[in-house]
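Undergrad: the amino acid sequence is not available; the structure is as follows:
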């Protein structure tokens with residue numbers, strides 16, 4: 001009898017780091033004796049991550065969003081339709097060869113440009129694979145999400161092609177069933193896992209018998225739209241008095257090169273430690289006294305996993321996901337929040353200095369916060385194994 005259990009994961013990765021980082025985190029948590037995990041991804045950065053035994057990846061040609069619904073190949077210079085045909089062929093062939101017991105799709109129920117629908121339909125016909133859609137805690141504001149899902153027929157896809165829908169958040173914080181008008185036929189398949197914990201890195205501050213300065217880490221996630229935040233922070237340092245904290249800046253690999261070079265030169269003059277990509281963000285976060293971020297799902301999970309105080313400066317376009325998350329976390333006293341439209345160097349620096357010295361309420365809430373994502377996902381997978 002075959003004692004292995006095969007999990008296939010799909011992460012379309014057209015932009016940023018969010019999808020592949022979440023997929024990698026889930027894979028590392030689901031790894032167990034007899035479990036093989038294969039990740040299909042279009043991320044150009046997937047090779048920079050460490051892959052433990054039992055986890056591997058298949059790289060499908062990367063695509064980037066050109067405008068609205070138009071996607072073009074990231075590297076290879078071929079017709080977009082041709083590139084999508086290649087992607088779909090690789091996805092379908094991988095699924096049929098790997099014969100997964102479990103298929104976990106990140107965020108996009110149909111995949112990029114409907115590319116996983118044939119695979120989902122094949123799995124349904126075969127009847128051997130449990131299909132899971134994983135959704136982050138918040139997709140976008142209510143009306144935008146409802147309009148998008150109605151237009152694309154997402155409600156029918158959720159109803160007909162998925163065994164379960166895992167929501168990586170807390171229903172009492174934000175309820176997508178209510179916010180996105182999800183029908184009962186779909187909501188009964190929804191499992192709220194809670195936030196997904198991240199690998200913890202032990203704090204390692206070596207002050208050599210002298211008083212340590214506090215450390216502020218400022219990160220823009222993937223970085224594609226993070227320049228205004230980084231610029232405001234450096235402006236504050238350039239135009240104010242010397243600050244009594246150390247700063248570490250991580251712009252993200254997708255920040256345009258001219259913006260990144262501008263920030264790098266200015267950071268050096270202000271004695272700010274600068275990275276454009278840092279593979280083990282958990283190491284930086286663990287040694288921080290305050291983390292300033294745009295409030296992406298993965299960054300928040302890393303911050304909360306390390307029980308850190310954070311200030312969120314969330315973008316407001318092209319979607320309101322980060323802003324809603326920031327409002328929710330502030331309401332739960334798990335973070336502070338500076339609206340993007342209020343962002344300026346003076347207010348940002350005031351917030352940073354306040355949180356470095358007055359964060360007891362947030363710290364208490366963060367220390368009491370429980371991660372349930374790992375336990376719930378293990379429970380579901382173990383149940384699937386038993387009925388295999």
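TA: It's in. These numbers were taken from a predicted model, which means no experiment stands behind them. Numbering: from 1, shown residues only.
Undergrad: thought residue 343 was touching residue 228, still the case?
TA: Yes: the pair residue 228 / residue 343 is scored as a contact, 6.4 Å apart, by Cβ atoms under 8 Å. Backbone N, C-alpha and C define where each C-beta goes, glycine included.
Undergrad: neighbours around residue 314, how many?
TA: 22 (other Cβ atoms under 10 Å).
Undergrad: repeat that for residue 184.
TA: 8.
Undergrad: against residue 287, how distant is it?
TA: 47 Å (Cβ to Cβ, to the nearest Å).
Undergrad: how about residue 244?
TA: For residue 244, the distance to residue 287 equals 17 Å [Cβ to Cβ].
Undergrad: same deal with residue 331?
TA: According to Cβ to Cβ, residue 331 stands 28 Å off from residue 287.
Undergrad: pLDDT below threshold where in the stretch 51-200 of the chain?
TA: The stretch 51-200 of the chain contains residues with pLDDT under 70 at 66-69.
Undergrad: could you pull out the helices for it?
TA: Here the stretch 51-200 of the chain has its helices, by DSSP state H, counting those that start in this stretch, at 80-98, 117-126, 142-152, 154-161, 176-179, 184-187.
Undergrad: angle of the longest one against helix 117-126?
TA: Inter-element angle recorded for helix 80-98 and helix 117-126: 30 degrees (by axes from the mean of the first three to the mean of the last three Cα atoms, to 10 degrees).
Undergrad: what does helix 80-98 contact?
TA: 6, 8, 10, 38, 40, 42, 58, 60-61, 63, 70-73, 76, 103, 111-113, 115-116, 118-119, 122-123 (Cβ atoms under 8 Å, 6 or more residues apart in numbering).
Undergrad: repeat for the fifth one
TA: For helix 176-179, the surrounding residues in contact (Cβ under 8 Å, 6+ apart) are 135, 138, 139, 142, 145, 167, 171, 182, 187, 190.
Undergrad: surely the last one is in contact with residue 183?
TA: No: here residue 190 lies out of contact with residue 183, judged by Cβ under 8 Å, at a distance of 11.1 Å.
Undergrad: quick one, which of those two is more surrounded?
TA: Taking other Cβ under 10 Å, residue 190 and residue 183 do not tie; residue 190 has more neighbours (18 against 11).
Undergrad: what distance do you get for the closest residue to the more buried one other than its chain neighbours to residue 157?
TA: Take residue 190 and drop its neighbours on the chain: the residue closest to it by Cβ to Cβ, 6 or more residues apart in numbering is residue 165, 4.7 Å away. Here residue 165 is placed at a distance of 11 Å from residue 157 (Cβ to Cβ).
Undergrad: which of residue 331 and residue 287 has more residues huddled nearby?
TA: Using other Cβ under 10 Å as the criterion, residue 331 and residue 287 rank with residue 287 on top: 18 against 12.
Undergrad: which pLDDT value goes with that one?
TA: Residue 287 carries a pLDDT value of 94.
Undergrad: try residue 2
TA: pLDDT for residue 2: 63.
Undergrad: got any ranges where the stretch 201-350 of the chain has weak pLDDT?
TA: For the stretch 201-350 of the chain (pLDDT under 70), the answer is 205-211.
Undergrad: coming back round to it: higher neighbour count, residue 165 and residue 157?
TA: Counted by other Cβ under 10 Å, residue 165 and residue 157 do not tie: residue 165 has more neighbours, with 22 against 19.
Undergrad: wait, that one touches residue 193, no?
TA: No: in this structure residue 165 lies outside contact range of residue 193 using Cβ under 8 Å: 10.5 Å.
Undergrad: what strand or helix carries the residue lying closest to residue 272 once chain neighbours are set aside?
TA: Excluding the flanking residues, the one nearest residue 272 by Cβ to Cβ, 6+ apart is residue 247, at 4.5 Å. For residue 247, the host element (DSSP states H and E) is strand 245-250.
Undergrad: what angle do strand 245-250 and whatever helix or strand comes next after that strand make with each other?
TA: Using DSSP H and E, the helix or strand that follows strand 245-250 towards the C-terminus is helix 257-269. Between helix 257-269 and strand 245-250, the angle comes out at 160 degrees (the same axes, to 10 degrees).
Undergrad: just the buried positions in helix 257-269, please.
TA: For helix 257-269, the neighbour count (16 or more other Cβ atoms under 10 Å) marks 259, 260, 262, 263, 266, 267 as buried.
Undergrad: who does that helix touch, helix- and strand-wise?
TA: For helix 257-269, the contact count by 3 or more Cβ pairs under 8 Å, 6 or more residues apart in numbering; DSSP states H and E identifies helix 227-239, strand 273-275 as packing neighbours.
Undergrad: ok now it, how far from the chain's centre?
TA: Here helix 257-269 shows a centroid-to-chain-centroid distance of 25 Å under the convention Cα atoms, centre = their mean, to the nearest Å.
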